[in-house]
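# take this sequence and fold it.
(chains A and B)
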Amino acid sequence: MEQAKTVVEMRNITKRFPGIVANDSVNFKLRKGEIHALLGENGAGKSTLMNVLFGLYQPEEGEIFVNGQQVVIDGPNKAIKLGIGMVHQHFKLVHPFTVTENIILGSEPRKWMGLAVDKKQAYEKVNQLSKQYGLNVDPYAKIDEISVGMQQRVEILKTLYRGADILIFDEPTAVLTPQEIGELLVIMRNLVGQGKSIVLITHKLKEIMAIADSVTIVRRGKVIDSLPVAGTNPNQLAEKMVGREVSLKLDKKVAVLGEPILEVDNLVVKGRQGLNALNGTSFVLRRGEILGIAGVEGNGQSELIEALTGLRPVSSGSIKVAGADVVGEKPRAISEAGISLIPEDRHKHGLVLDFPVRDNMVLETYYQPQFNKRGFLDYEAIGKHAERLVKDFDVRTPSIMTDARALSGGNQQKAIIAREVDKNPEVLIAAQPTRGLDVGAIEFIHKRLVEQRNMGKAVLLVSYELDEIMQLSDRIAVIYEGRIVGEVKPSETNDQELGLMMTDYKQKQGGAGNEQAD
Amino acid sequence: MSKLIKVVTKDSALVPFVAILLGLLVGAIIMLIGGYDPILAYRSLLETVFGNRYDFGETLTAITPVLFTGLAVAFAFRTGLFNIGAEGQYIMGMTGATVIGVTVHLPWYLHAPLAVIVGALVGGLWGMIAGYLKAARGVNEVITTIMLNWIALHLANYIVRRFLLEPGKGRSYMVDDTASATIDWLSRFMDDARMHWGTAFALLGVIFFYYFLWRTKQGFELRVVGSNPDAANYAGISVNKGVVKAMFISGALAGLAGVFQVLGVFHNQVISAGHTGHGFDGIAVALLGGNNPLGVLLGAILFGVLSYGAAGMSFGADVPPEIIRIVIGSVIFFVAAPGIIRWLLKRISGKKRKEEAI
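Numbers count the residues shown, from 1 in each chain, chains lettered A, B, ... in the order given. Have a look, this model is predicted:
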């Protein structure tokens, strides 16, 4: 590769937080016109490093050079002035505003001696930028009306509008559909093609292989290696990231099927808007198998999970756990009947972030006699319980008294899985169990799910990631508009076929009907 | 990010103290503008409070109701509810105690406890109305509790005027001595200050607050509901039940404030044109104390000292007592706007660091 100009150089950056060194004399170099991936597990310090570059954190030690000049970046405004822009993982947009209004917010073009916003000029400029980089955003649309993928493009436009030449993408694909990911990669190529430089914070090896020119691997605050992507392979990267050998392939024994444990028959459930989100969903889950529910987000998966766990009223149909109908039961009764849930949104539904890990471990069982003596909580027993789970499930936390908020995403998820598996459920529902997690955590969680199945438990895996469904499931049920439109075995299908079933079930309906009749 | 928050909030105990200092400073500046001597004023304030037994005792009596209402507001807040209705619950507690104190005749060991329990229950039920409306109909508790404050005021006035009025006076009959909650020996020791059992109960309330929320099963449920209602639902904890329960307990605490004002201090209930403000002060005390039982205690002490001492200030330094409301107002302002204080602290500590570097 020819030696391109270095646009950003960070030398010996050290950033400490109480108790940990997030960045330990880290060196990082970004060359002009490249896509440089920053790879590391959650909590490895990659976001911290970029937050230092964007002026959100001040490093204790180290120097930063932008275009060869040493600079002190004391805030995002300074970073923007230096031509650095950041596309955050969680978008920072005003929803009732239009695309353009969001983009110009804070640096509006003025007219009438600064008294009014020159909207016409703003729209034109946004339109022009959008065209130049192939973003295809409607500058007049309201944020509320556009898809998540489009919202991300608005964030990209925001940085471009402010004149960014160096763009930092923080886990940009975490919220996107497979198709949107493809489009984003094209946009990123476009950007570097026109002279921009990109830092891509990620833990997805696939993306790095697909798009990055070089990669810097960070582990526990230290740079492990920095190398060009050409000439490396995913296994090598994963090993460097995790610090040990990881198997990206899961070895799974043949499923030993038992009797049906969860029977869902003709379930009709209303969604948030009052329309039927489930329209006669039926499936059977047996002991000793993992049933994957595949489908595009918003086809009734959330409502299915809520109905199964008693959080959403059922209009008609039945849900039988070990033969007993649980429709109309309270969530706690269903939980006691043997259904455990790893919820889709771990912050909103899975944890009380302001509670210590210890208390989160008994969120569903605190009332049981082993933790509760005549109305008073037995914190000694609760503490021991938490210590055991933290150890058994390798939850990395400074102590069980640490607030759940302070844990990394992977460890939060491990804590939830520890809690749910420890309840010894008959049916474990795992909704998007690895969303936003790194390789190490994904491997751990997948192993645990397979372990449950091998123990003769039933696992219902609801995921929007086809790879995960294909890898884990013994059987795949495809959901479309609130109905199971087909069931297939992972060994007898492929992404293309599943993709078709997920989007246009009519073409496949005949075949699916046949399979169900088998 | 979370780590950043922790670093910033580490000084959370420092913020109220700095806020108090700044509040006193603002008060002093206003006194200076008005041509008064702030140092003399504050000195006479403290002399009033700590100068003799009587005034010290009366200060304790002034602390008691705001301690109760502060606990009430903080308790609701821990369950994620903003109880603006401590004032109404206070009035209803008062009314409950007065009705029992005046109309029922029993030996003291039954009468006083009955009056206390009924007053607390009435206050609790009054709070529960707002809790029920929120749980069953989704009505915001801020709106309902504000409305219930006015309903309580006029309902109490009606009850006193219609059933309990002593002819020719603007107040109820005096409650029976058997219902009194005064501590006579302590009052004599304090040179006839109006000492009563309510102060002890309020301190017990501080302990109850801690034990209930952090040690019991039900308290755990309420805190889960308050911290993350969605997670509560997923964990099989009923948010609606929690809301009703929390509003009942909160209301009962506020009700007890009123109960002891009747049984321990005034021994009657007046027909009142407006609110006493104890309930609203409770909001400020809870805010000042960070919704933490010990913090609420300290906040209530500050409130009691400032409001009782205000009288001495006008006496000793000729400063209008209303100035003290400005001080209180500014203290709350600074507590509610911790950003200002953090900025100030940062500047001070930043300067220190620079000096060290030299």
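
# quick check: buried residues in stretch B:141-149?
Neighbour counts over stretch B:141-149 (16 or more other Cβ atoms under 10 Å in any protein chain shown) mark B:141, B:144, B:145, B:147, B:148, B:149 as buried. (Each C-beta comes from the backbone N, C-alpha and C, glycine too.)

# then stretch B:270-277?
Quick answer for stretch B:270-277 (16+ other Cβ under 10 Å): B:271, B:272, B:275, B:276, B:277.

# got phi/psi on the first one?
Backbone geometry at residue B:271, expressed as degrees, to the nearest 10, gives phi -80, psi 120.

# contacting residues for the residue of chain B found nearest chain A?
For chain B, the residue closest to chain A is residue B:236, as judged by Cβ to the nearest Cβ, at 3.1 Å. Each residue near residue B:236 by Cβ atoms under 8 Å, 6 or more residues apart in numbering or on different chains is listed here: A:310, A:330, A:331, A:332, A:333, A:335, A:364.

# identify the residues contacting the second one.
If you count contacts by Cβ under 8 Å, 6+ apart, residue A:330 has them with A:310, B:236.

# my guess is residue A:234 meets residue A:205, correct?
Yes: applying Cβ atoms under 8 Å, one finds residue A:234 in contact with residue A:205, separated by 4.2 Å.

# the two: which is more packed in?
The neighbour count for residue A:234 versus residue A:205, taken as other Cβ atoms under 10 Å in any protein chain shown, is higher for residue A:205 (21 against 15).

# what about the helices in the stretch 251-400 of chain A?
Along the stretch 251-400 of chain A, counting by DSSP state H, counting those that start in this stretch, helices occupy A:301-308, A:331-336, A:357-360, A:379-392.

# just send these back as JSON lines, with mean neighbour count and distance to residue B:119 too.
What follows is these, written out as JSON lines (neighbours: other Cβ atoms under 10 Å in any protein chain shown; distance: least, Cβ to Cβ, whole Å):
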{"stretch": "helix A:301-308", "mean neighbour count": "24", "distance to residue B:119": "43"}
{"stretch": "helix A:331-336", "mean neighbour count": "18", "distance to residue B:119": "35"}
{"stretch": "helix A:357-360", "mean neighbour count": "25", "distance to residue B:119": "35"}
{"stretch": "helix A:379-392", "mean neighbour count": "16", "distance to residue B:119": "34"}
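
# quick one: closest of these to residue B:176.
helix A:379-392 (45.2 Å; Cβ to Cβ).

# from residue A:184, how far out is the residue of the stretch 1-150 of chain A found nearest chain B?
Going by Cβ to the nearest Cβ, chain B is nearest to residue A:17 of the stretch 1-150 of chain A, at 4.1 Å. Residue A:17 is 31 Å from residue A:184, where distance means Cβ to Cβ, to the nearest Å.

# who has more neighbours out of these two?
Set side by side, residue A:17 and residue A:184 show more neighbours around residue A:184, with 20 against 16, by other Cβ under 10 Å.

# my read: the more buried one touches residue A:152, true?
Yes: using Cβ under 8 Å, residue A:184 makes contact with residue A:152 at a distance of 7.1 Å.

# list residues touching both of these two?
A:172, A:176.

# and the one residue in chain A that gets nearest to chain B, what does it touch?
Chain B sits closest to residue A:332 of chain A, with a gap of 3.1 Å, by Cβ to the nearest Cβ. Residue A:332 sits next to A:364, B:236, B:237 when contact means Cβ under 8 Å, 6+ apart.

# any chance of those in a markdown table, plus pLDDT?
Below are those laid out as a markdown table (pLDDT from 0 to 100):
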| residue | pLDDT |
| --- | --- |
| A:364 | 93 |
| B:236 | 92 |
| B:237 | 93 |
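
# the helices of the stretch 251-400 of chain A: which one's closest to residue A:464?
helix A:301-308 (7.9 Å).

# so how far is the closest one off the chain centroid?
Its chain's C-alpha centre and that of helix A:301-308 lie 19 Å apart, by Cα atoms, centre = their mean, to the nearest Å.

# so what does that helix touch, helix or strand wise?
Judged by 3 or more Cβ pairs under 8 Å, 6 or more residues apart in numbering or on different chains; DSSP states H and E, helix A:301-308 is in contact with strand A:260-270, strand A:276-286, strand A:314-321, strand A:339-342, strand A:427-431, strand A:458-463.

# adding distance to residue A:218 and mean pLDDT, write those out as a markdown table.
Output for the helices and strands packed on helix A:301-308, formatted as a markdown table (distance: least, Cβ to Cβ, whole Å; pLDDT from 0 to 100):
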| stretch | distance to residue A:218 | mean pLDDT |
| --- | --- | --- |
| strand A:260-270 | 42 | 94 |
| strand A:276-286 | 40 | 93 |
| strand A:314-321 | 45 | 94 |
| strand A:339-342 | 28 | 95 |
| strand A:427-431 | 29 | 95 |
| strand A:458-463 | 27 | 95 |
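
# looking at these, which is closest to residue A:240?
Between those, strand A:458-463 lies closest to residue A:240; by Cβ to Cβ that is 26.8 Å.

# can you put the helices and strands packed on helix A:301-308 in TSV and add distance to chain B?
Shown next, in TSV, are these (distance: least, Cβ to the nearest Cβ, whole Å):
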stretch	distance to chain B
strand A:260-270	16
strand A:276-286	18
strand A:314-321	15
strand A:339-342	7
strand A:427-431	11
strand A:458-463	15
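
# which regions of the stretch 251-358 of chain B lie under the pLDDT threshold?
Counting by pLDDT under 70, the stretch 251-358 of chain B contains low-confidence ranges at B:349-358.

# and stretch A:164-178, what's its mean pLDDT?
Stretch A:164-178 shows a mean pLDDT of 84.

# quickly check: it near chain B or not.
No: judged by Cβ under 8 Å from any Cβ of the partner chain, stretch A:164-178 makes no contact with chain B; its nearest approach is 11.8 Å.

# in that stretch, what's buried?
Per 16+ other Cβ under 10 Å, stretch A:164-178 contains these buried residues: A:164-177.

# taking these, tell me the two that lie furthest apart.
Maximum distance among those (Cβ to Cβ): 29.1 Å, for A:165 and A:177.

# coming back round to it: out of the contacts of residue A:332, the closest to residue B:291 would be?
Of all these, residue B:237 has the smallest distance to residue B:291: 20.2 Å, by Cβ to Cβ.

# could you report the pLDDT at the closest residue to the closest one other than its chain neighbours?
Nearest non-adjacent residue to residue B:237, counting by Cβ to Cβ, 6 or more residues apart in numbering or on different chains: residue B:221, 5.0 Å away. pLDDT recorded at residue B:221 is 95.
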